[in-house]
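1. mind looking at a prediction? Sequence and model below.
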There are 2 protein chains.
Amino acid sequence: MTASEVRALFAVASRPEVVSLAGGMPNLAALPLDSLSGEVASIISKDGLVALQYGSAHGLPELRDQICEVMALEGVTGHPDDVVVTVGSQMGLDMVTRIFCDPGDVVIAEGPSYVGALGTFAAYQADVVHVAMDDEGLVPDALREALRAAESAGRRVKFLYTIPNFHNPAGVTLAVPRRAEVLDICRQHNVLVVEDNPYGLLGFDGQTYPALRSMDPDNVVYLGSFSKTFAAGLRVGWVLAPHAVREKLMLAAESATLCPPTLNQMIVSRYLATHDWKGQIKSFQSAYRDRRDAMIAGLEQHMPPDCSWTVPAGGFFVWMTVPEGVDTKAMLPRAVTARVAYVSGTGFYADGFGSRQMRLSFCYPTPERIQEGVRRLAAVLAAELELSRTFGPIHQRPVSGPQVPGPDIA
Amino acid sequence: MTASEVRALFAVASRPEVVSLAGGMPNLAALPLDSLSGEVASIISKDGLVALQYGSAHGLPELRDQICEVMALEGVTGHPDDVVVTVGSQMGLDMVTRIFCDPGDVVIAEGPSYVGALGTFAAYQADVVHVAMDDEGLVPDALREALRAAESAGRRVKFLYTIPNFHNPAGVTLAVPRRAEVLDICRQHNVLVVEDNPYGLLGFDGQTYPALRSMDPDNVVYLGSFSKTFAAGLRVGWVLAPHAVREKLMLAAESATLCPPTLNQMIVSRYLATHDWKGQIKSFQSAYRDRRDAMIAGLEQHMPPDCSWTVPAGGFFVWMTVPEGVDTKAMLPRAVTARVAYVSGTGFYADGFGSRQMRLSFCYPTPERIQEGVRRLAAVLAAELELSRTFGPIHQRPVSGPQVPGPDIA
């Protein structure tokens, strides 16, 4: 499928009668819109000449202070000077890739990995080498092996890109004992670590894990975001970089967007200063836990034998593997016809893998809709398996690279 | 000077006792903050679940429709589908450069050119070849010559980057009869035109000029912005691309920021729908005309002989050339000590030229402050000339490339 075919398919999938288990849109229903509305009105009427004016590429000082408080919840002790505010953490990732990668350089990433990251790496012509995960996240031995193989092939590995907590799309979390090991391996191979942590505060039991950055500040670039803990549409994220990288990052950000939107930074700053944002995160945790529970219950009840899935302890996503003979990408149009959508696993690999996998998101629909969606999906899958047993598996030409559209249509 | 030295200098320059003729910050005093505040409050309380949610990389459909109406004022007839909303037009430029330029490719730009564009071209390792301007803007014969020279040297020229109206920093406008000629030349050489037009609606007599895009839609990428006609701090700009480029542009934008901030697009869209935005632009024109008049009067009254300057018919900037023996970059710390700041001309060339030039902006200070600033600058310049006559000129090691900080500190 071409990008526009994918877009057309997802346009159908976004119809109200379709249950979308495809998107990564956060659930905003619990946000205090009325008080937010008043705060934003007061920012514009009292400080409008600042809010509507250019700011610095570095970001507002008060917000950078507050960002350090947010990161402290996961053990990070960074200096506000080393925080650079970005237009979502996607821009942070883009800037980091711009600074470190030349065409042909290698980036190591979990397999599967975040589709938006694969898109960015592709934009800079960096080659992605995937490293396997298991239920405890990235497998250290597999990382060692990948680094050794790349080095003996004479490749330049620039960084490890990892989502340690509640992985998108895999739903797993890097076990705490593995964290030091992964950091050690990267140190030994002189490879930087880029830690992408949008979901770290969304553990369903309020649990957090020590950030990689907290364990090795000089070799980890940390990417953070308010998209999942507050409001994605404001596009406010940040990079906490080793001090030596900070200046380059600011120059790159300046040439990319001049500065992040001032108003949006002031809104986030005001929200953190005046709202019970930790209480708000607790209510997000509970909303997402209910949805995770609904999805897992639905999968257990309806899925045909030989399907397996991860059970995430936080975040937005379940990663499901279907029996041999089913191609999740080929099946998608039939699923959409049956009024349920997902993202096929191939989008999360740079190398064409993932045709027996799919990402199921539970972040956006209600628990009831999630269960209904899973029921529909199970029926499609059962029919597909029946077909495959009768006529043999349907094979698609393998395709590589990110092919899923953005979060609003996915 | 290093980037951080420049930043330190401009930090001093931003003290209230210094008249800054350096910055490019628009004057927002005339904006209707109270009614804006009410509109934004209503967007959040009524449509907050959309405003605070991810959107598409394409941008909101209603805003893209309105953008086409704005562009129609300069003769552009584009389809809303071919508009891609960006985080300021800086991001549009970044995306266009990403799509078209590989390291070592050539971009043709006026000399001098916008410092932020030079930064972007440098980020993608594109080489800038400057083409001379005169009072009627880009000189067609010089463009022909530059293209021929690049071609005979076997260089790949990717596009002409041009600011046809009220040029930053040169203050000149591409004469209408030259426009077709410039477009023809680019066509003949298979070179795309990137038209950057942030100031086009800020002609002091309300005059507009036909956009290059209106004269050759298939070979011009148009960059637009609400930063100078509404509010820079919202970071809403756009690209109108030939249809064939649109898809690539959206993919690039998606990998750069996922999507532009939804709230900000809704604010601009609401502003255009409910405010007399054309009347607001008229009041901006008149405010900037008064400031231009104050600056030109001050220059005529105070400047030593043998200084020359452009007299802009719109926009924000005057470009001044000082007598031989003065290095505007070396002089800057002394000017700041005398409580006036400007940007030295070297920042606007990729090749080290510009040491006898400076950019003087009249957009931000009041007319009285502008005249006071020009008076101070004239005194510094007179002292510098006196020194140079006595001891010979001060020569600095030539440096190349963009070295000025962002709009808030410059």
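-> Received, thanks.
2. and the helices in chain A, which stretches?
-> A:3-13, A:33-51, A:61-72, A:88-100, A:115-123, A:140-152, A:176-188, A:212-215, A:243-257, A:262-274, A:277-302, A:328-337, A:367-391 (DSSP state H).
3. can you give me the mean pLDDT across the first one?
-> I take that to be helix A:3-13. Model confidence over helix A:3-13, given as mean pLDDT, is 71.
4. same check on the second one?
-> Helix A:33-51 shows a mean pLDDT of 97.
5. tell me if that helix is near chain B.
-> Yes: using CB under 8 Å from any CB of the partner chain, helix A:33-51 reaches chain B at A:33-34, A:36-38, A:40-42, A:44-45, A:48-51. Quick note: C-beta positions are derived from backbone N, CA and C, even for glycine.
6. measure how that helix sits relative to helix B:33-51, angle-wise.
-> Using axes from the mean of the first three to the mean of the last three CA atoms, to 10 degrees, the inter-axis angle of helix A:33-51 relative to helix B:33-51 is 130 degrees.
7. how close does the most centrally placed residue in chain A sit to B:Ile67?
-> The geometric centre of chain A, computed from its C-alpha atoms, lies nearest to A:Asn168 (CA atoms, centre = their mean), at 4.6 Å. Distance, A:Asn168 to B:Ile67, using CB to CB, to the nearest Å: 33 Å.
8. what do you get for A:Ile185?
-> For A:Ile185, the distance to B:Ile67 - CB to CB - is 49 Å.
9. more crowded one of those two?
-> Using other CB atoms under 10 Å in any protein chain shown, the more surrounded residue of A:Ile185 and B:Ile67 is B:Ile67, with 27 against 19.
10. contacting residues for the more buried one?
-> B:Pro80, B:Val83, B:Val85, B:Gly224, B:Trp238, B:Leu240 (CB atoms under 8 Å, 6 or more residues apart in numbering or on different chains).
11. swap in 6 Å and give it another go.
-> By CB atoms under 6 Å, 6 or more residues apart in numbering or on different chains, the residues touching B:Ile67 are B:Val83, B:Trp238.
12. and it, how close does it get to B:Phe391?
-> Taken as CB to CB, the span from B:Ile67 to B:Phe391 is 55 Å.
13. next, give phi and psi for A:Ala126.
-> Dihedral pair for A:Ala126: phi -90, psi 140, per degrees, to the nearest 10.
14. swap in A:Val326?
-> Per degrees, to the nearest 10, the backbone of A:Val326 is at phi -110, psi 130.
15. wait, isn't it in contact with A:Ala382?
-> No: A:Val326 lies out of contact with A:Ala382 (CB atoms under 6 Å); the separation is 10.2 Å.
16. which one of those two has more residues nearby?
-> Neighbour count, other CB under 10 Å: between A:Val326 and A:Ala382, A:Val326 has more, with 23 against 13.
17. skipping adjacent residues, who's closest to that one in space?
-> A:Glu384 (5.1 Å; CB to CB, 6 or more residues apart in numbering or on different chains).
18. and for the one you found, the neighbour number?
-> 23.
19. please apply the same query to A:Gly48.
-> 23.
20. next, count neighbours for the closest residue to it other than its chain neighbours.
-> Take A:Gly48 and drop its neighbours on the chain: the residue closest to it by CB to CB, 6+ apart is B:Leu33, 4.0 Å away. When counting by other CB under 10 Å, one arrives at 18 neighbours for B:Leu33.
21. and the stretch 251-400 of chain A, which residues reach chain B?
-> A:Glu254, A:Ser255, A:Ala256, A:Thr257, A:Leu258, A:Cys259, A:Pro261, A:Thr262, A:Leu263, A:Asn264 (CB under 6 Å from any CB of the partner chain).
22. farthest pair within these?
-> A:Ser255 and A:Leu263 (21.9 Å; CB to CB).
23. for chain A, what's the longest strand?
-> strand A:127-134 (DSSP state E).
24. buried residues in it?
-> A:Asp127, A:Val128, A:Val129, A:His130, A:Val131, A:Met133 (16 or more other CB atoms under 10 Å in any protein chain shown).
25. again, but for stretch A:295-305
-> For stretch A:295-305, by 16+ other CB under 10 Å, it's A:Met295, A:Ile296, A:Gly298, A:Leu299, A:His302, A:Met303, A:Pro304.
26. measure the last one to A:Leu381 for me?
-> With distances defined as CB to CB, the gap from A:Pro304 to A:Leu381 amounts to 6 Å.
27. mind listing what A:Val139 touches?
-> If you count contacts by CB under 6 Å, 6+ apart, then A:Val139 has A:Ala132 around it.
28. any idea how far it is from A:Val194?
-> 18 Å.
29. any weak-confidence spans in chain A?
-> Applying pLDDT under 70 to chain A picks out residues A:1-6, A:393-410.
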